[in-house]
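Trainee: model this:
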Amino acid sequence: MTSVTMNAAEEEMVERFVDAASRGDVAAVSSLLSRSASLVNRPGASGWTALMLAARNGHFAVAQTLLAHGADRLVVNRSSQTAYDIAKFWGHTHISHLLLQTDDQSQCLLVTSDPSQETYFSAEPLDRLSVRRSDAAWQQDKQNRPDSVFLLFSKLSPLVRRLQPSAGPGVVLEADSLRLVFCSQQAPTTLCQFSSSLVKELLLQPGSTLVFLVSLLPGFAINSTEDPEVLLQLSGEKDVFWAHRPNRDLLNLSQNEAGIVAQARAVLAWHSRYAFCPTCGSSTRLEEAGYKRTCTNGSCRSLQGVHNTSYPRVGESVESAVRREVEEESGVKVGSVRYVACQSWPVPSSLMIGCLAVALSTHIKVDGNEIEEARWFPRQQVIDALYRGGSLALFLPPQQTIAHQLVKHWIGCTSNL
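Mentor: All right, here's what the predicted structure looks like:
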């Protein structure tokens, strides 16, 4: 009888402990741990530990306290999810980073491959500021600022500078055997930056194309058809050259600069190919800071209805396009993006790309152009609409659409979260 009573008391204490962690009550968590240190890794009735619940609800201080008391970050729940998996799914990056701060092998076991974060040319250091692209006065002001940065391209090749002498190819000794290094051993390079005063005359040349870029400072990319040797003299630096070998010269930049080049070069290349309208053959003019070309023929049917130039934007990854589109149209910032499926859409002729993303903010502000209304719905209400029919508050798209299938997929993959 005493044993049964003691087991019930222990179970009650465990539930109080995990509940305190779930609510973010640091004082209660610390108090219970002082009475029984073994609580730190005890799962509740749901199979979740206190650390998992703190990760789920974004309670940083609780997670810190639990880790200080020896919480096991590698333990998994019934769905084989660690606290790190849970924090990352729900977008609590401050907690996921905390869970990776370890000197042991936990970090190698916790971190899973995230291609969108590791792929070269896919970094996102730029804020595209879509809402400002149609503001010509604002763009001109940024263009004339003395602290604005201009990147120079010649025939789509960026001007770069070597940071140190090239080491050349070589071999390395590994595990008492020689292994040939096939990857590039060239010196790292960086993009050459110019002020507005240095490129002022170049901007007036008819063969120059200007594209607006934004990072920490207002930035622009210029592609010029002037003599490359003459353009080199603008830099006044040593060890500068045109990165004209894409398979070699462009692979020695930092991750962030590679992302900048990917966007800038793709947009500039697009301009070089579409000087004339593909619909009627008339000339086109550059608009919206270099991210749109419009036919100069007022009667061209490309000016009627919806005619998107490119989605995702040229030089933009699918993940970047998802983050930009969601924020532009709903005001919600999203973090981790995962591709799910695609659907051919013949009206007019598009490829629909379906993704799931983790929201980093909850405030909604619709743009009023692309969408009329956006709302948050609890999971249960979505399930009811999906399987029990729609309501006045929520109607789901037809099951033939990828939007419907995305909702169905999300319901299934979040069943344990």
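
Trainee: ok, and what's touching the top helix by length along the chain?
Mentor: Scanning the chain for the helix with the most residues, using DSSP state H, yields helix 2-23. Contacting residues not belonging to helix 2-23 are listed as 28-29, 32-33, 35-36, 39, 42-46, 48-51, 53-54, 56-57, 59, 62, 66 [C-beta atoms under 8 Å, 6 or more residues apart in numbering]. Glycine gets a C-beta too; all of them are placed from N, C-alpha and C.

Trainee: write the ChimeraX selection for whichever of those are buried.
Mentor: To isolate the buried members of the contacts of helix 2-23 in ChimeraX, using 16 or more other C-beta atoms under 10 Å:
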select :28,29,32,33,39,42,43,44,48,49,50,51,53,54,56,57,59,62,66
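
Trainee: just the contacts of helix 2-23: which are in helices?
Mentor: Reading helices off those with DSSP H, I get 28-29, 32-33, 35, 50-51, 53-54, 56-57, 62, 66.

Trainee: look at Leu286 and give its secondary structure.
Mentor: Assigned with DSSP: H, G, I helix; E, B strand; the rest coil, Leu286 falls in the strand class.

Trainee: make 208 the starting number, not 1.
Mentor: With 208 as the first residue, the last one maps to Leu493.

Trainee: give the helix, strand or coil label for the residue nearest to it when sequence neighbours are not counted.
Mentor: In space, and not counting its chain neighbours, Leu493 is closest to Arg500: 6.0 Å by C-beta to C-beta, 6 or more residues apart in numbering. Counting by three-state DSSP, the backbone at Arg500 sits in strand.

Trainee: how deep is Arg500 tucked in, by neighbour count?
Mentor: Neighbourhood size, Arg500 [other C-beta atoms under 10 Å]: 19.

Trainee: for Leu307, see how far away it is.
Mentor: Remark: distance between Arg500 and Leu307 (C-beta to C-beta, to the nearest Å) = 44 Å.

Trainee: can you check Phe401 too?
Mentor: Look at Phe401 and Leu307: by C-beta to C-beta, they are 39 Å apart.

Trainee: the more surrounded of the two?
Mentor: Higher neighbour count among Phe401 and Leu307: Phe401, with 18 against 15, using other C-beta under 10 Å.

Trainee: what's near enough to touch that one?
Mentor: 356-359, 441-442.

Trainee: between those, which is closest to Tyr546?
Mentor: Leu358 (30.2 Å; C-beta to C-beta).

Trainee: I'd guessed the closest one sits against Leu417; true?
Mentor: No - with contact defined as C-beta atoms under 8 Å, Leu358 does not reach Leu417; the gap is 10.7 Å.

Trainee: these two - which one has more neighbours?
Mentor: Neighbour count, other C-beta under 10 Å: between Leu358 and Leu417, Leu358 has more, with 24 against 20.

Trainee: that one and Gly231, how far apart?
Mentor: 46 Å.

Trainee: pull up the overlap in contacts between Leu358 and Leu417.
Mentor: 427-429.

Trainee: tell me the one of the residues you listed nearest Ala344?
Mentor: Phe427 (16.0 Å).

Trainee: grab the nearest non-local neighbour of the closest one.
Mentor: Using C-beta to C-beta, 6+ apart, the closest residue to Phe427 is Phe357 (5.0 Å).

Trainee: let me see the confidence value for that neighbour.
Mentor: Looking at Phe357, its pLDDT is 93.

Trainee: where does the prediction get shaky in this structure?
Mentor: Applying pLDDT under 70 to the chain flags the ranges 208-213, 309-326, 334-338, 372-393, 421-425, 453-454, 512-522, 553-556, 597, 621-624.

Trainee: how long is stretch 547-565 end to end?
Mentor: For stretch 547-565, the first-to-last residue distance is 14 Å (C-alpha to C-alpha, to the nearest Å).

Trainee: can you tell me the SS state at the residue nearest to Phe427?
Mentor: Classification of Phe357 using three-state DSSP returns strand.

Trainee: isn't it up against Leu420?
Mentor: No - with contact defined as C-beta under 8 Å, Phe357 does not count as touching Leu420 (9.4 Å).

Trainee: residue contacts, Leu249?
Mentor: Leu isn't right for residue 249; it's Arg. 221, 224-225, 256-257.

Trainee: same deal with Gln550?
Mentor: Going by C-beta under 8 Å, 6+ apart, Gln550 touches 558-559, 561, 608-609.

Trainee: just the buried ones out of those residues, please.
Mentor: Among the contacts of Gln550, the ones that count as buried by 16+ other C-beta under 10 Å are 561, 609.

Trainee: export the contacts of Gln550 as JSON lines, with columns for secondary structure and distance to Gly298.
Mentor: Below are the contacts of Gln550 laid out as JSON lines (DSSP: H, G, I helix; E, B strand; the rest coil; distance: C-beta to C-beta, whole Å):
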{"residue": "Leu558", "secondary structure": "strand", "distance to Gly298": "27"}
{"residue": "Met559", "secondary structure": "strand", "distance to Gly298": "24"}
{"residue": "Gly561", "secondary structure": "strand", "distance to Gly298": "19"}
{"residue": "Thr608", "secondary structure": "coil", "distance to Gly298": "26"}
{"residue": "Ile609", "secondary structure": "helix", "distance to Gly298": "23"}
